[in-house]
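Novice: A predicted structure for the sequence below; I have some questions about it.
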Amino acid sequence: MNERAETSRTAVLGGGAWGTALALAALRAGQSVSLWARDADMCAAIARGENPHYLPGIAFDTGIAATTDLGAALGGADCVLAVTPAQSLRAVLGEVKPHMPAGIPLVLCAKGIERETGALLSSIVAEILPDNPVAVLSGPSFAADVARGLPTAVVVAAREDTLAMDLATRFSAQNLRCYASDDVTGVELGGALKNVFAIAAGAVVGAQLGASAQAAMVTRGFVELRRLGAAFGARPETLMGLSGLGDMMLSCSSTQSRNFAYGAALGRGEPLEGRPLAEGVPTAAIAARLAAEHAVDAPIISAVAALLNGAVTIDQAVEALMTRPLKHENEI
Ligand SMILES: NC(=O)C1=CN([C@@H]2O[C@H](COP(=O)(O)OP(=O)(O)OC[C@H]3O[C@@H](n4cnc5c(N)ncnc54)[C@H](OP(=O)(O)O)[C@@H]3O)[C@@H](O)[C@H]2O)C=CC1
Ligand SMILES: O=C(CO)COP(=O)(O)O
């Protein structure tokens, strides 16, 4: 338990894998924790120490006050974690707004870019909750690992460095180490785009293109992250950190990643309907559009978007990537 946390109350929006894991992390850090989810049975399960749908086989501490009543979940909270999928954020914040006092920080824990508008999630918060400071929590962290209490490091970014440090202190506990950052854009872009590259890496593995191709895909994907990051004003060193390179290392190499697993199924030619959440799917499409609008060369992101909408086959995508004009490696 950290010293500052004893009197604080954290509200978690979302009772999926990551919402449940972060609620547990907050509980372990000594906070009082409420959680809002849509499903009453899921709330009852979380309250008794399990989430069989999203975290099967993991038994955890009781003490999370899980409820379908959003007002009750938010009542008395001095920090709110938004942990529903990126594409639902705007609607969820619209429901949250009447219950959210000014000044309470809203910590974004989803990883994605809004499909319809191209908005980064922090700008949606600024639009809907202009009186609430925004922070972003991201990094290489599988929900099941955090729920099990395995050692994990993440980064918490806020424009005001003192808020970032306060939140990092608040959520750090034994086996969850939170670093602070003031580069909100860098941290959110790293988290959003790693999902697109995880689909690419999974597709390479699923199509049995070899470990060399997988390494090339990840490395050149990282170049695209740096290019898009530069266009959006992210700092290069942020992208070298936990929420860029760190999360790419995790998500581009493990079948535990739903985005990687989605790509692997795509590479094997399997049906894709009904799979678990893969945030990289909507994000690929909008990231390809944003790259084009900013004149950023992003052939892997474009290839993933084209693969996902059926415009190209894997063979065609690979051929297009392998026959691009030759260039110096360090051209950004
Ligand atoms: N799982 C992980 O390891 C990690 C996930 N993340 C990120 O966290 C975010 C959430 O992921 P995760 O928890 O794993 O996802 P899950 O699929 O496990 O859970 C999603 C949760 O969001 C709820 N939800 C879905 N759509 C809506 C909506 N329109 N309105 C309100 N609630 C909704 C679901 O409710 P219901 O059950 O009722 O559908 C469920 O409680 C994603 O952006 C993901 O990238 C980040 C780091 C790690
Ligand atoms: O973001 C994650 C790990 O850092 C979880 O990845 P997936 O959403 O691909 O499972």
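Specialist: Nice, I can see it. Ligands and ions are numbered 1, 2, ... in the order given.
Novice: What residues sit buried inside the one helix or strand D41 maps to?
Specialist: Assigned by DSSP states H and E, D41 falls within helix 40-47. Within helix 40-47, the residues that count as buried by 16 or more other Cβ atoms under 10 Å are 42-43, 45-46. C-betas here are computed from N, CA, C, even on glycine.
Novice: Let me have those residues in TSV, extended by pLDDT and distance to A168.
Specialist: Listed next are those as TSV, based on pLDDT from 0 to 100; distance: Cβ to Cβ, whole Å:
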residue	pLDDT	distance to A168
M42	98	29
C43	98	29
A45	98	30
I46	98	25
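Novice: The helix holding D41: what's the following helix or strand?
Specialist: strand 65-67.
Novice: So what touches that next one?
Specialist: Residues outside strand 65-67 that contact it (Cβ atoms under 8 Å, 6 or more residues apart in numbering): 15, 32-37, 42-44, 46-47, 73.
Novice: Looking at these, which is nearest S212?
Specialist: Ranked by distance to S212 (Cβ to Cβ), the contacts of strand 65-67 are led by G15 at 40.9 Å.
Novice: Give me the neighbour count for the closest residue to the closest one other than its chain neighbours.
Specialist: Distance criterion Cβ to Cβ, 6 or more residues apart in numbering; nearest residue to G15, sequence neighbours excluded, is A37 at 2.8 Å. Applying other Cβ atoms under 10 Å, we find 26 residues neighbouring A37.
Novice: If we go by neighbour counts, what in stretch 53-71 is buried?
Specialist: 54-55, 58, 60, 64-68, 70.
Novice: ah, wrong one, I meant stretch 67-84
Specialist: 67-68, 70, 73-74, 77-84.
Novice: what kind of secondary structure is A180 in?
Specialist: On the three-state scheme (DSSP: H, G, I helix; E, B strand; the rest coil), A180 is labelled strand.
Novice: which other helices and strands contact the helix holding D41?
Specialist: Packing contacts for helix 40-47, counted by 3 or more Cβ pairs under 8 Å, 6 or more residues apart in numbering; DSSP states H and E, involve strand 65-67.
Novice: Now do the strand it packs on, average pLDDT.
Specialist: In this model, strand 65-67 carries a mean pLDDT of 98.
Novice: for the spatially most central residue of the chain, what are its contacts?
Specialist: Closest to where the C-alpha atoms of the chain average out (Cα atoms, centre = their mean) is K111, at 2.6 Å. By Cβ under 8 Å, 6+ apart, the contact set of K111 is 86, 138, 188, 191-192, 194-195, 279, 283.
Novice: rewinding a little: give me the contacts around the helix holding D41.
Specialist: Counting by Cβ under 8 Å, 6+ apart, 15, 20, 23, 35, 37, 51-53, 62, 64-68 sit against helix 40-47.
Novice: could you redo the last one with a cut-off of 10 Å?
Specialist: Applying Cβ atoms under 10 Å, 6 or more residues apart in numbering, the contact partners of helix 40-47 are 12, 15-16, 19-20, 23-24, 35-37, 39, 50-55, 60, 62-69, 73.
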